[in-house]
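Asks: Quick one: sequence and predicted model below, then my questions.
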Amino acid sequence: MLKHDISFGPAPASSSVSFSCAIPSVPVSLIKPLNPRTSIESNHRDYIQRLLTMRPTELSKHAVELEKRSMQLTRAANREIDRKEALNINLAQPALERQQGSRFAK
């Protein structure tokens with residue numbers, strides 16, 4: 001069975017690009033694309049091509065993994081909201097008003 005590794009994370013720090021013409025190796029993460037939009041669009045095209053070549057069972061497994069990741073991110077976002085509420089942070093209220101309000105609350 002073919003296994004497809006699909007990820008959007010940054011390139012591993014250990015990966016590097018080597019050139020044969022006496023140019024030092026440069027980590028992939030330090031190479032800046034000429035046009036970031038083109039790079040993103042290229043990644044999306046590559047991802048779509050990989051999806052199109054997957055078998056239905058592989059697509060199903062990939063969909064399950066995406067759903068699991070979605071649930072993890074939702075839980076993490078909810079934890080951040082709970083943390084913000086526990087700290088009583090109101091992002092819409094300017095910092096000076098928060099300080100003055102806390103003086104009067106004492």
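Replies: Thanks, I have it.
Asks: Show me which residues of the lengthiest helix in the chain are buried.
Replies: The residue-count maximum for a helix in the chain (DSSP state H) belongs to helix 56-86. Judged by neighbour count using 16 or more other C-beta atoms under 10 Å, the buried positions of helix 56-86 are residue 58. C-beta coordinates here come from the backbone N, C-alpha and C atoms, glycine included.
Asks: So for that helix, mean pLDDT?
Replies: Averaged across helix 56-86, pLDDT comes to 95.
Asks: Neighbours of residue 45, how many?
Replies: Neighbour count for residue 45, taken as other C-beta atoms under 10 Å: 10.
Asks: and it, what does it touch?
Replies: Residue 45 makes contact with no residue, according to C-beta atoms under 8 Å, 6 or more residues apart in numbering.
Asks: What angle do helix 56-86 and the host helix or strand of it make with each other?
Replies: Using DSSP states H and E, the element containing residue 45 is helix 36-53. With axes from the mean of the first three to the mean of the last three C-alpha atoms, to 10 degrees as the basis, helix 36-53 and helix 56-86 are set at 130 degrees to each other.
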